[in-house]
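Trainee: model the following, please.
(2 chains)
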There are 2 protein chains.
Amino acid sequence: MRTHYCGHVSETDLDQEVTLCGWAHRRRDHGGVIFIDLRDREGLVQVVFDPDRAETFALAERVRNEFVLKVRGRVRRRPAGTENPDLPTGQVEVLGLELEILNAAKTPPFQLDEHEQAGEDVRLRYRYVDLRRPEMLQRMRARARITSNLRRFLDDHGFLDIETPMLTRATPEGARDYLVPSRTHPGSFFALPQSPQLFKQLLMMAGMDRYYQIVRCFRDEDLRADRQPEFTQLDIETSFMDEAGIMHLTERMMRRLFADVLQVDLPDPFPRMQYAEAMDRFGSDKPDLRIPLELVEVADLMGGVEFKVFAGPAADPRGRVAALHVPGGGSLTRKQIDDYTQFVGRYGAKGLAYIKVNDPAQGREGLQSPILKFLTDEAVDGILARTEAQAGDLIFFGADKAKVVNDALGALRVRLGHDLEMVEDEWRPLWVVDFPMFEYDEKDGRLYALHHPFTAPNVEDPAELEGKDPEQLISRAYDMVLNGTELGGGSVRIHRQDMQQAVFGLLGIGEEEAREKFGFLLDALDFGAPPHGGIAFGLDRLVMLMTGADSIREVMAFPKTQTAACLLTDAPAQVSIAQLQELALRITKPQG
Amino acid sequence: MRTHYCGHVSETDLDQEVTLCGWAHRRRDHGGVIFIDLRDREGLVQVVFDPDRAETFALAERVRNEFVLKVRGRVRRRPAGTENPDLPTGQVEVLGLELEILNAAKTPPFQLDEHEQAGEDVRLRYRYVDLRRPEMLQRMRARARITSNLRRFLDDHGFLDIETPMLTRATPEGARDYLVPSRTHPGSFFALPQSPQLFKQLLMMAGMDRYYQIVRCFRDEDLRADRQPEFTQLDIETSFMDEAGIMHLTERMMRRLFADVLQVDLPDPFPRMQYAEAMDRFGSDKPDLRIPLELVEVADLMGGVEFKVFAGPAADPRGRVAALHVPGGGSLTRKQIDDYTQFVGRYGAKGLAYIKVNDPAQGREGLQSPILKFLTDEAVDGILARTEAQAGDLIFFGADKAKVVNDALGALRVRLGHDLEMVEDEWRPLWVVDFPMFEYDEKDGRLYALHHPFTAPNVEDPAELEGKDPEQLISRAYDMVLNGTELGGGSVRIHRQDMQQAVFGLLGIGEEEAREKFGFLLDALDFGAPPHGGIAFGLDRLVMLMTGADSIREVMAFPKTQTAACLLTDAPAQVSIAQLQELALRITKPQG
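Mentor: Predicted coordinates for the structure are as follows:
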């Protein structure tokens, strides 16, 4: 139906006839002539209709924004002085010879260049209009390009793209599953996968050797922050390869991706950091290395302090007392500090102590702080020495359970980095390694797997697990982090049945329960399971980072709202009684 | 962990040390020496352990089938006379210097080369063992290669891979949906998509221009024949392209796929056939052109026949009387003909009349048939002339509603083709075009869309639909057929709101109902919808055809049974009361 994309018309087409299809982006009448910016996926070109061709001109007069048009015309150079250097087609225009209105359009719910006023709900309801914005279109294109690039790398490295089921068994030990009632087995349910973890392990046991899949995953969680009920994972698993091999390979994949798509050279190799160091220095297992702020341990200085806010956590083996030194932070106002205090409160911190450093050479006299009176001279001197604080700086403190301190100061560090414009304009990837196997949950009073219960410990034999403090056990897991975002996480998996049983045991999953929940995995481990491991990358977040979008919703064609609804199609929706009867289900009164 | 894949060891590695990992495919002890065929994804190689290395030898003695091994050894030429020409590595063997048992294995539930005795249930339960069979592995590889080839073609032709939601709105007018209860909207349900049909149309309205996706689709149907509750579709949609363009492009894609993967040249262009002709000649809209049998219309010859089995359908405007001429069919036994009679009964045929042709030159005298007495001489002569039957042939007859005759004789034609070994060893693609818009359902007494209600009729203006017999309306749909299998189907879609309303109207969907069910589509058609169309291919079937597998289950890693269950993970399964309460659901007693 067309000879060219609008955005591809150029000076090489001068004096030639072209046929274009697209949307009327804007119509202007000027000096008795009609100008229509015709838009398609590839860009805009200016089409000019003059009154000489009366019929075509009359039709052009009927055109409104977002009408769908087909135009035959002749390419000509724009008159001198009217070129548009901002537009790739800005040197030329098309003289319209023939016009067909392929479809009319009502006034759209918002103008494309006024989407910000529209509000996200309106944009989601009319997503097909919102996606016409060049920015959104570029994100969709970038996403397609990124997935294609990743696929080609993996195809070229012997990985087989293998599909795993969507209708599968509920995942014990995970987040909440989306359930799918079975009609042929009334009263039973499938679950949508949170990840294809066990299937990819089974594929290794099936001898597939190298597997990948770009696959939809599901979690029925309350959508805080930037989560979606369905999201996409690049899922990878290999046999006979250790963590060094997997990290090396996937690092190369990422380097190639960034080079090809963004013309960015990521470091080779990516730096590595132990989990313990990341927590100590950044309060986070996904530190944003672009921010030049670090936490400093000061618990040992607080031993003699008669201030139980500090002395308590300093004496608690699960406690932490840390300082966050902020160069130039002395200029923060009382109001700003109050805001930060409220901010860290979200992470469970009960307050936010600070010291303003006016003149460190004067020791205690050169400082300003409500907590100064509680600190010994030794503590003050130690803090100044350890943070190397200078005049005009500020030091924040966290003292609580280590988890609270890390969460609070880790988040504060990132927020300060942005607020004080300290974030370097760089790509800073990082491997975080040597994760603990387990995390103790205070509330439930039990251990949970930090990654998942199939992650191998860094010992060969289950006997080596015995008699050790489980919280001290280190796993063979690794996370790829980029600019403070976890891009992906993986591990070498357990491939011996006795080890898997032992780890289940540490998690409080008895033999009977293990057999009931994971019988098929335990069987498979017994029938010739190779050493294997893998990794999974969050594709939505990767695309978000690479396109500079603010949210994963901006890189998904049809995202859902925070209450897991689709405003466009109005899903979820009610279904008929007959449908429920077929599924042997009845709706009970909702509580709320 | 390895230097080579087992299957890649070759004469170029002679006298070199290699490290291999894999499964013990078979162990033989012969002349005091242990031979282990070591298997990985790429093939087998023979490893020899001799008693000189006592420790390694002792370890090798412990090896059983499917043990996972790591072997360091030296490649050497096999002794003369012991080469195995059937094996790519059959000229060499590896002298085992060091052996590590990476994992032991219990005796597998079935030996790989005895899978046929195991039965499909056992194979599905231990799918990770079944997938180790070289044949299954090759199918998984072929599948990955096919998807990769299709993706590259589409990537290279400007198509954007865009993901559409899995948690979406129920599809009215389709098959039965799988439902997903919403926790955040108690009493409401998502549906898993039967296809991304409306989303891909919305993407065209969003200006994406060319879209594709390899996407999981779901249908909760009773699994007759070769269906699966989840299946995979290559889904394509384009804007500003008509049916000729879409057919040309996807045909090229298939030609390239077959050339690259199977080294087969498909015809250029694919032949085209109108729906009406396909039904007339083959009783099917997906004729297998490899079978040289055709239906012949004989209703006009039966007008004067006093046999109401024939005369009734001959006089019925929705009836059909057809003959299927089977060259050499005269040798069919009474028993065989009885079997075929039973076979066509499955398609609703109430009987299967036939004539054996002994000597056509003798007219009626040269024939043998229970129905001969009912036929006039004119009918007999007409049948012989029209079928061009020769001595030794047989003619079957179908007389009933046209649908029954087509279904029955169409299926019989295919079955006879296979039974009589008439199927040519060829690839015979075909486009079937000019489908009717609607199909009348006798039972419901209403029209249904033959493709789907978004398919465009072959008229421009809704006014042209008025006053016409809806059953005579032709759509702009097209199916790609290969060797009797529908590979894919598509159409140009309706892009004008008035036309969509008119088609809904013909389907008995009133304005209010249309707005309730498809309001978002009708809105979108109003805000600048371009002309668009597309196609969807069934990937599982394509892979099945290309790999020569008997069933789509054989080309899926983890298929489900006929009752939609996964024997491996034992899904679907029961869930807890707490989970149901969160979803505001209660299970009613199943009926059965």
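Trainee: I'd like the average pLDDT over the helix or strand that contains residue A:399.
Mentor: Using DSSP states H and E, residue A:399 sits in strand A:393-401. Strand A:393-401 shows an average pLDDT of 96 in the prediction.
Trainee: need the distance between the two termini of stretch A:349-363.
Mentor: Start-to-end span of stretch A:349-363 (CA to CA, to the nearest Å) is 28 Å.
Trainee: buried residues in that stretch?
Mentor: Buried positions in stretch A:349-363, judged by neighbour count with 16 or more other CB atoms under 10 Å in any protein chain shown: A:349, A:351, A:352, A:353, A:354, A:355, A:356, A:357, A:360. Bear in mind the C-beta positions are built from the backbone N, C-alpha and C, glycine included.
Trainee: skip the chain neighbours and tell me the closest residue to the third one.
Mentor: Distances taken as CB to CB, 6 or more residues apart in numbering or on different chains place residue A:341 nearest to residue A:352, at 4.1 Å, with adjacent residues excluded.
Trainee: just for the stretch 101-250 of chain A, where's the confidence low?
Mentor: For the stretch 101-250 of chain A, applying pLDDT under 70 flags the ranges A:172-173.
Trainee: show me where it has strands.
Mentor: A:160-161, A:179-181, A:189-191, A:210-218, A:230-239 (DSSP state E, counting those that start in this stretch).
Trainee: from the contact counts, what lies against the last one?
Mentor: Spelled out, that is strand A:230-239. On a contact count with 3 or more CB pairs under 8 Å, 6 or more residues apart in numbering or on different chains; DSSP states H and E, strand A:230-239 meets helix A:134-156, helix A:197-205, strand A:210-218, helix A:243-262, strand A:532-538, helix A:539-547.
Trainee: relative to helix A:243-262, how tilted is that strand?
Mentor: Put simply, strand A:230-239 runs at 130 degrees to helix A:243-262, going by axes from the mean of the first three to the mean of the last three CA atoms, to 10 degrees.
Trainee: quick one: strands adjacent to strand A:230-239?
Mentor: Sheet partners assigned to strand A:230-239 using DSSP bridges are listed as strand A:210-218 (antiparallel), strand A:532-538 (antiparallel).
Trainee: tell me the secondary structure at residue A:306.
Mentor: Taking DSSP: H, G, I helix; E, B strand; the rest coil as the rule, one finds residue A:306 in the coil state.
Trainee: neighbouring strands - and their directions - for the top strand by length along chain A?
Mentor: Counting residues, the longest strand in chain A under DSSP state E turns out to be strand A:17-30. Paired with strand A:17-30 in the same sheet, following DSSP bridges, are strand A:33-40 (antiparallel), strand A:68-77 (antiparallel).
Trainee: export the first one to PDB, keeping only CA atoms.
Mentor: Going back to what we said before, that points to strand A:33-40. What follows is strand A:33-40, C-alpha atoms only, in PDB (Å, rounded to 0.1, in the frame of the first residue of the first chain):
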ATOM      1  CA  VAL A  33      -2.000  25.900   1.900                       C
ATOM      2  CA  ILE A  34      -2.500  22.800   4.200                       C
ATOM      3  CA  PHE A  35       0.400  21.200   5.900                       C
ATOM      4  CA  ILE A  36      -0.100  17.800   7.400                       C
ATOM      5  CA  ASP A  37       2.700  16.100   9.400                       C
ATOM      6  CA  LEU A  38       2.200  12.400   8.500                       C
ATOM      7  CA  ARG A  39       3.500  10.000  11.100                       C
ATOM      8  CA  ASP A  40       4.200   6.300  11.000                       C
END
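Trainee: does anything pack onto the helix or strand just after it? Which helices or strands?
Mentor: Next helix or strand after strand A:33-40 toward the C-terminus (DSSP H and E): strand A:43-49. Packed against strand A:43-49 by the contact rule (3+ CB pairs under 8 Å, 6+ apart) you find strand A:17-30, strand A:33-40, helix A:54-62, strand A:92-103.
Trainee: what about the first one, distance to the chain center?
Mentor: Strand A:17-30 has its C-alpha centroid displaced from the chain centroid by 38 Å (CA atoms, centre = their mean, to the nearest Å).
Trainee: so what touches the lowest-mean-pLDDT helix or strand in chain A?
Mentor: With mean pLDDT, DSSP states H and E as the measure, the helix or strand of chain A carrying the lowest mean pLDDT is helix A:115-118 (a mean of 82). Contact with helix A:115-118 is made by A:109, A:110, A:123, A:130, A:133, as judged by CB atoms under 8 Å, 6 or more residues apart in numbering or on different chains.
Trainee: which of those residues are buried? Put it as a PyMOL command.
Mentor: The PyMOL command for the buried members of the contacts of helix A:115-118 (criterion: 16+ other CB under 10 Å) is given here:
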select buried, chain A and resi 110+123+130+133
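Trainee: pLDDT below threshold where in chain A?
Mentor: A:172-173, A:589-592.
Trainee: show me how it divides into domains.
Mentor: A:6-103, A:130-240+A:530-591, A:291-420 (the TED database).
Trainee: how long is the first one end to end?
Mentor: According to CA to CA, domain A:6-103 extends 18 Å from its N-terminal end residue to its C-terminal end residue.
Trainee: and it, how far out from the chain middle?
Mentor: 40 Å.
Trainee: tell me where the stretch 301-450 of chain A has strands.
Mentor: Assignment of strands within the stretch 301-450 of chain A using DSSP E, counting those that start in this stretch yields the ranges A:319-326, A:353-357, A:367-368, A:393-401, A:429-433, A:438-441, A:446-449.
Trainee: let's have these in TSV, adding distance to residue B:470.
Mentor: Listed next are the strands of the stretch 301-450 of chain A as TSV, based on distance: least, CB to CB, whole Å:
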stretch	distance to residue B:470
strand A:319-326	74
strand A:353-357	78
strand A:367-368	86
strand A:393-401	72
strand A:429-433	61
strand A:438-441	64
strand A:446-449	61
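Trainee: need those strands in JSON lines with distance to chain B, can you?
Mentor: Formatted as JSON lines, those follow (distance: least, CB to the nearest CB, whole Å):
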{"stretch": "strand A:319-326", "distance to chain B": "34"}
{"stretch": "strand A:353-357", "distance to chain B": "39"}
{"stretch": "strand A:367-368", "distance to chain B": "48"}
{"stretch": "strand A:393-401", "distance to chain B": "29"}
{"stretch": "strand A:429-433", "distance to chain B": "19"}
{"stretch": "strand A:438-441", "distance to chain B": "18"}
{"stretch": "strand A:446-449", "distance to chain B": "18"}
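Trainee: now do the same contact list for residue A:190.
Mentor: Residue A:190 touches A:167, A:168, A:169, A:179, A:180, A:181, A:182, B:571, B:572, counting by CB under 8 Å, 6+ apart.
Trainee: looks like the last one contacts residue A:183 (just checking).
Mentor: Put plainly, it is residue B:572. No. Using CB atoms under 8 Å, residue B:572 is not in contact with residue A:183; the gap is 9.8 Å.
Trainee: who touches both of those two?
Mentor: Residues within reach of residue B:572 and of residue A:183 at once, by CB under 8 Å, 6+ apart: there are none.
Trainee: ok so, going back, could you give the angle of the longest strand of chain A to strand A:43-49?
Mentor: With the same axes, to 10 degrees defining the directions, strand A:17-30 sits at 70 degrees from strand A:43-49.
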